[in-house]
Structures are given as structure tokens and as C-alpha cells.
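Q: All I have is the shape, not the residue letters:
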């Protein structure tokens with residue numbers, strides 16, 4: 001890892017002049033003879049040789065120190081986690097870099113793609129199977145347990161519509177109007193945020209506020225007048241919730257507290273994590289709050305959200321990448337992992353999407369995104385020896401074994417959550433279809449982004465090569481330094497921990513199919529649809545519950561797998577929605593006019609009426 005770059009200018013730079021060599025002048029009154037001149041010249045030459053030797057020795061010492069400090073940070077850690085940050089052979093390696101002949105030229109507005117009606121209907125049927133079971137056994141509850149056929153709420157104070165509100169826009173996208181109307185009626189008569197309990201600020205924002213805002217947008221633009229009439233209901237609920245969420249920003253720094261009591265409107269620190277907030281929690285509220293301000297004309301939400309990004313940018317960040325914990329008390333980062341998975345992921349996602357949301361009118365977010373992607377490519381990308389798979393890795397704070405100085409340990413661990421990044425890289429190139437892209441004629445940065453983005457999608461699909469055809473929650477990739485394993489294996493799942501397999505689970509996550517959707521819409525390459533169909537068929541085979549609904553599985557390597565008694569709300573809100581849109585035609589929810597929040601809620605691109613000085617800095 002390179003040194004943390006300080007944004008402040010070094011005040012001492014340029015103040016110290018280079019030390020000059022003082023050569024004694026001859027005494028006045030006597031000219032030196034030839035012998036004395038030769039002796040002086042010889043002394044000067046000797047002195048220059050000595051200086052040269054000392055300079056080389058100094059450079060050698062600096063190089064040695066770099067090898068002992070920076071090299072372990074950038075490229076190595078312990079023998080177990082040693083890896084290469086720069087990809088072998090070339091900047092991003094020879095393998096995985098070639099462009100497929102099936103990838104098409106992308107005109108303004110994106111490629112026009114036809115629906116695969118048969119596969120789209122199969123996904124819709126899976127959604128209906130899931131929704132009907134929830135309606136039958138858990139209606140109104142926050143979460144659904146398909147095996148025990150029961151529902152549960154997040155707190156004892158009652159539910160806040162986690163499953164129903166999270167699914168509203170999916171019901172509209174899939175044109176399930178009777179189901180939507182029953183969900184709307186529940187929101188109208190039953191949904192209340194007057195709950196005296198602590199809710200997660202981030203999850204409440206991305207799922208509930210995002211769901212209400214998306215429902216407002218999709219109803220307001222619906223072709224049926226009776227559906228259009230529902231738009232004010234969802235905006236009123238969104239405003240009510242948004243006002244309650246403002247209490248989370250009452251910290252001394254403006255970084256939101258992790259929890260919020262929706263009744264008292266008080267922010268609640270995360271006591272389990274020494275009151276810190278995660279990077280993703282603090283910096284993935286912006287799409288929702290800025291759109292709420294745009295709708296209402298009240299820019300308090302916008303300013304609260306924007307201040308978070310401004311605080312992050314003002315600090316010394318590591319080539320645009322940052323630790324996963326930040327203190328709401330003082331707004332400073334806390335020594336913690338740098339990673340793209342849990343607690344870090346959607347910060348990077350929202351940098352690009354904020355720029356796209358306001359129709360590319362706020363350049364600071366594009367600049368921060370480009371810097372972050374450069375830092376990711378520089379420090380967090382690895383490539384396997386066997387197949388040349390491109391993967392992401394983590395940096396963990398560590399103590400150097402020689403002198404106990406602060407260093408970083410490279411860990412080749414990739415959460416399934418990181419699989420969003422492949423599609424994000426590709427979305428950054430096309431700008432959602434706002435610009436023409438010829439995949440055969442990209443500039444250097446775009447080529448790097450495409451090779452890495454495409455490579456991450458491919459490596460995520462490789463992790464589906466399990467007994468069940470489903471990817472694990474966490475994959476460990478094999479480094480070049482592991483000579484016995486590297487030649488024969490690309491990745492593996494860590495063994496059980498005290499009989500509990502955590503890494504090997506699959507809980508119906510959406511990130512791989514999200515990237516497949518974005519990659520297909522951007523390139524038109526049919527392989528992305530083929531891969532999506534393979535993933536869907538694996539869900540159908542192993543996760544479908546005979547009595548209704550779908551369940552995660554305990555171990556992707558065991559056949560038949562044991563099912564887990566939980567159907568996550570993102571199965572309906574994200575996974576099935578992305579699969580449906582993958583097989584839909586490209587004119588439905590076009591990327592040049594929409595952004596998806598990190599819970600796949602659909603928000604429109606708009607021209608902002610308010611732009612702060614920070615946004616254009």
C-alpha cells in the first residue's frame with residue numbers, strides 16, 4: 001500500500017535550500033602553482049567520489065527501507081496472505097483482457113435489446129411464488145420465514161413494512177397490479193413509523209425510504225390514472241419518515257449515528273462497535289435524501305447527506321479508498337479494514353450514482369469515483385495464477401513483525417457483496433447510456449475499467465461453480481505465493497468454524513445478477529443473460545420451498561443443501577427484480593433515465609435545482 005496521501009500542502013516544501021559545497025579559495029597575494037592546483041583537483045575529485053558513494057548508499061538505504069515497509073504494505077503480508085497488488089504480465093494481465101466480438105457499439109441511450117419472454121415469465125412466476133407465500137403466512141410482518149411459515153418484526157414495537165415497502169416498485173415493474181393494490185392498501189391503513197424502538201439508519205433509508213420514493217416515482221409516471229392517484233400517498237409517507245431520520249444526523253460531526261428511534265427521532269450510537277459508524281452506513285443515504293429534497297423543495301435532507309461526503313473528502317484518504325469505520329463524534333476515520341465488501345461497499349457505488357442521478361451536474365462525485373476506482377485498481381485487485389481470474393482483496397491493519405510499526409496485511413477475501421463492483425465499473429464507462437461507447441476503441445482508463453469490471457463479473461460467476469451452482473457468501477482466492485495450490489486452484493471456501501459454516505452460505509443475494517443486468521444492458525453480450533439464467537435455475541432447484549417462498553441454503557457445496565428458514569427482503573426487492581429486468585427489453589427502466597439505489601429501488605435522473613459549491617469543487 002502506498003503512503004496515505006495528505007491533501008494539505010507541505011508548508012516546509014521549498015523553504016530549505018539545497019546545501020552547497022564550499023570550496024576554499026586561495027589566499028590573496030600568491031597564485032597557486034601547478035602542483036597545488038593538481039592536488040586541489042585530486043582532493044575535489046576524491047571528495048566527489050566519496051559523496052557519490054554516500055549518495056548511492058543513501059539511496060540503497062531508502063530502497064531497503066521501502067522494501068521492508070512499503071513493499072509489505074503493497075504486495076505482501078504474512079506467508080499465508082502474501083499476494084500481488086499489481087496484476088502480472090501487464091497492468092491488468094493478459095488473461096481476461098480481450099474484448100469479446102459479441103460486445104456491441106453502444107449508441108446514446110444504450111443498446112436496444114429485446115425481451116426474452118419465456119425466461120422473463122419464469123422469473124415472474126418465482127416472484128409470485130414468493131409473494132403469495134408471504135401474503136398467506138406473514139402478511140404485514142417485516143420478514144418471512146418460509147420453512148416455519150411465520151412472520152417476524154425487527155423490533156417488539158411492531159413492523160415498519162420491511163417486506164411490503166421493499167417490494168412495492170418490484171410489484172409495479174412486474175405488472176402485478178392486484179398484488180400492488182393490496183400492498184398499497186396496507187401502507188395506507190397500517191403503516192406507521194411511530195415506533196419507540198431503535199432501527200438501523202442505513203437499512204431504514206435504503207429499504208423503506210428508498211422503497212417509498214421509488215413507489216412514488218413509478219406511480220406518478222404510470223399509464224393507469226388509478227395508479228397515478230397513489231403517488232401522493234407514498235410521498236407523504238416518505239416525508240414523514242425522512243423527517244424522523246434527520247435525528248440520526250444530530251452527532252457532533254454530522255456523520256449520522258448508526259441507529260434511529262423513529263418515535264423520539266433521536267440518533268442512537270452503535271454501542272456494539274464503540275459508537276462508530278461504517279463507511280457504507282454513513283455514505284449510502286445520499287440518493288434517497290437528495291431525491292426527497294428535490295421532490296419537496298426542502299434541502300435540509302440534501303445538505304445533511306452532502307455534508308457526509310464532504311467530511312470524507314476532506315480527510316487524507318488512501319488513493320480514494322478509505323477504512324470501513326468513521327466516528328460520528330469527531331468525523332475522523334478509525335483504524336480499520338479497507339475493503340469493498342460489508343460496511344464499505346455502497347459508498348463506492350453511490351459516488352458514481354450521485355453523479356448520474358443529477359444528470360452529471362455535480363462533478364465532484366465523478367472525480368471522487370474516478371479516484372476511488374484508481375485506488376481500487378492499484379491496491380485491491382489481484383489475479384489468480386491458474387486461470388487469471390481478477391478478484392478483489394482486503395487490507396487489514398497490522399503490526400510489522402520486525403519493528404511493530406503500523407502496516408497493512410493483504411487478505412485475498414472477496415464477499416459476495418463485492419460482486420456489484422463489476423457492473424459498477426461498466427456503468428461508469430457508459431454513464432448509463434448517456435454517451436456513445438465503442439468497446440473496441442476505449443481510452444486507457446476506460447480499457448482498465450472495462451477489463452477489471454468484466455473480470456470481476458467473470459470471477460463472481462466462477463464462484464458459482466459449486467455443487468449447487470450457487471456462490472458462497474465469502475470466497476477466498478489463491479495467491480501466487482501459495483505455490484502448491486496456485487497452479488491447480490483459483491479459489492476456495494474456508495472450512496467450518498466450530499461446526500458452523502458461515503462463508504459457505506448462500507442467502508439469495510443479488511450482487512452477481514445486478515452486475516449481469518448492468519453488463520448486459522451496457523454491452524449486449526448474450527453471455528450475461530446465459531449466466532443469469534444459470535444462476536436463476538440454481539435458485540429454482542435448491543432454494544424453492546414446496547409450501548411457498550424461497551430460502552437460503554447453509555452450504556453451497558453440499559447436495560442436497562440444508563435450507564435456512566429465512567427469505568430475505570432483498571430476494572424480492574433486488575435479486576428477482578434484477579433477473580426480471582435482465583430478461584426484459586431495454587426500453588423498460590432504461591439506464592440513461594434511471595439510477596438504482598443499493599436496494600435496487602428505481603429513482604429518476606433529474607436536473608438539480610440546487611447545486612452546492614462542494615458539488616462543483
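A: Arrived safely. What you see is a predicted model; the values in this text were computed from it and never measured.

Q: pLDDT-wise, which helix or strand of this structure ranks last?
A: Least confident helix or strand, the chain: helix 70-74 with a mean of 34, by mean pLDDT, DSSP states H and E.

Q: Strands of the stretch 501-617 of the chain, residue ranges please.
A: 594-596, 602-604 (DSSP state E, counting those that start in this stretch).

Q: Note down every partner strand of the last one and its orientation.
A: In the sheet containing strand 602-604, its partner strands are strand 594-596 (antiparallel), by DSSP bridges.

Q: The residue nearest to residue 389 when sequence neighbours are not counted: neighbour count?
A: In this structure, residue 389 finds its nearest non-sequential neighbour in residue 459, 4.3 Å apart by C-beta to C-beta, 6 or more residues apart in numbering. Any C-beta I mention is one placed from the backbone N, CA and C, and that applies to glycine too. Residue 459: 27 surrounding residues under other C-beta atoms under 10 Å.

Q: where's residue 459 relative to residue 340, distance?
A: According to C-beta to C-beta, to the nearest Å, residue 459 stands 13 Å off from residue 340.

Q: Check residue 369 too.
A: To residue 340, residue 369 is 13 Å away according to C-beta to C-beta.

Q: want to throw the strands of the stretch 501-617 of the chain into a markdown table with mean pLDDT, mean neighbour count and distance to residue 255?
A: Below are the strands of the stretch 501-617 of the chain laid out as a markdown table (pLDDT from 0 to 100; neighbours: other C-beta atoms under 10 Å; distance: least, C-beta to C-beta, whole Å):
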| stretch | mean pLDDT | mean neighbour count | distance to residue 255 |
| --- | --- | --- | --- |
| strand 594-596 | 98 | 22 | 24 |
| strand 602-604 | 98 | 21 | 23 |
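
Q: could you dump those strands to TSV with distance to residue 402?
A: Below are the strands of the stretch 501-617 of the chain laid out as TSV (distance: least, C-beta to C-beta, whole Å):
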stretch	distance to residue 402
strand 594-596	47
strand 602-604	51
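
Q: ok, residue 132 - contacts?
A: Residue 132 makes contacts with residue 548, as judged by C-beta atoms under 8 Å, 6 or more residues apart in numbering.

Q: can you pull the contacts of residue 591?
A: Neighbour list for residue 591: 110, 427, 430, 432, 433, 518, 521, 522 [criterion: C-beta under 8 Å, 6+ apart].

Q: For this protein, which residue occupies the most central location?
A: residue 345 (2.9 Å; C-alpha atoms, centre = their mean).

Q: My guess is that residue contacts residue 419. True?
A: No - Residue 345 is beyond contact range of residue 419, at 9.7 Å (criterion: C-beta atoms under 8 Å).

Q: which regions of the stretch 1-150 of the chain lie under the pLDDT threshold?
A: Applying pLDDT under 70 to the stretch 1-150 of the chain picks out residues 1-102.

Q: ok, 90 please
A: Where the stretch 1-150 of the chain drops to pLDDT under 90, the residues are 1-106.

Q: before we move on, the earlier item: quick one: contacts for the residue nearest to residue 389?
A: Counting by C-beta under 8 Å, 6+ apart, residue 459 touches 389, 390, 391, 414, 477, 490, 491.

Q: Mind checking which of the residues you listed are buried?
A: The neighbour-count test (16 or more other C-beta atoms under 10 Å) marks 389, 390, 391, 414, 477, 490, 491 as buried among the contacts of residue 459.

Q: out of these, which are inside helices?
A: Among the buried ones among the contacts of residue 459, no residue falls in helices (DSSP state H).

Q: any idea which of these is closest to residue 287?
A: Nearest to residue 287 among the buried ones among the contacts of residue 459: residue 414, at 25.0 Å, using C-beta to C-beta.

Q: Report the beta-bridge partners for that closest one.
A: Going by DSSP bridges, residue 414 forms beta bridges with residue 475.

Q: pretty sure residue 507 contacts residue 564?
A: Yes - with contact defined as C-beta under 8 Å, residue 507 reaches residue 564; the gap is 6.9 Å.

Q: what's the overlap in contacts for these two?
A: Residues touching both residue 507 and residue 564 (C-beta under 8 Å, 6+ apart): residue 552.

Q: so for stretch 516-525, what's the average pLDDT?
A: Mean pLDDT, stretch 516-525: 97.

Q: Tell me how many other residues surround residue 252.
A: Counted with other C-beta under 10 Å, residues neighbouring residue 252 total 10.
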